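>>> after the sequence you'll find the predicted model.
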Amino acid sequence: MNMNTPFSGGFADYHESSVERAEQKQAITGVAQEQIMLDYLLDMGFTWEESVRLADVREHLYEGSEMRERLASDYRMEFARWLLEHGEIGA
């Protein structure tokens with residue numbers, strides 16, 4: 001074994017290529033989802049400009065950390081209400 005030749009083909013190389021493939025797939029999926037949303041808005045009668053603007057607003061609202069926290073908090077509150085209504089916890 002030549003010590004000057006870097007080892008390749010190991011776990012680190014495999015892991016890096018797997019991560020790169022996953023990121024590429026996620027980017028493609030995101031683009032496909034955005035295209036589906038734009039097509040839907042166009043079918044609903046919005047203009048191209050309106051559709052793009054609505055997509056941007058949606059992305060701004062729902063991709064932000066504050067909105068994710070608020071939605072998670074809402075789910076927790078709904079679960080707490082359900083527990084209370086079904087007598088699992090007391091008031």
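Yep, that arrived.

>>> low-confidence regions, the protein specifically.
By pLDDT under 70, the weakly predicted segments of the chain are 1-30, 91.

>>> do that again at 50, thanks
1-2, 4-9, 11, 14 (pLDDT under 50).

>>> tell me where it has helices.
In the chain, helices defined by DSSP state H lie at 11-43, 48-62, 65-85, listed in chain order.

>>> report all helices and strands that the last one contacts.
Okay, so that is helix 65-85. For helix 65-85, there is no helix or strand it packs on, judged by 3 or more C-beta pairs under 8 Å, 6 or more residues apart in numbering; DSSP states H and E. From N, CA and C alone the C-beta is placed, and that goes for glycine too.

>>> surely Leu83 meets Ile89?
Yes: counting by C-beta atoms under 8 Å, Leu83 sits close enough to Ile89 to count as a contact (4.7 Å).

>>> ok, and the closest non-adjacent residue to Met37?
Nearest residue to Met37 in three dimensions, chain neighbours excluded: Ala55, at 5.9 Å (C-beta to C-beta, 6 or more residues apart in numbering).

>>> the one you found is in contact with Tyr40, isn't it?
No: contact criterion C-beta under 8 Å: Ala55 and Tyr40 do not qualify, at 10.2 Å.

>>> of these two, who's got more company?
Of the pair Ala55 and Tyr40, Ala55 is the one with more neighbours under other C-beta atoms under 10 Å, namely 15 against 11.

>>> what about that one, distance to Gly64?
Using C-beta to C-beta, to the nearest Å, we find Ala55 at a distance of 15 Å from Gly64.
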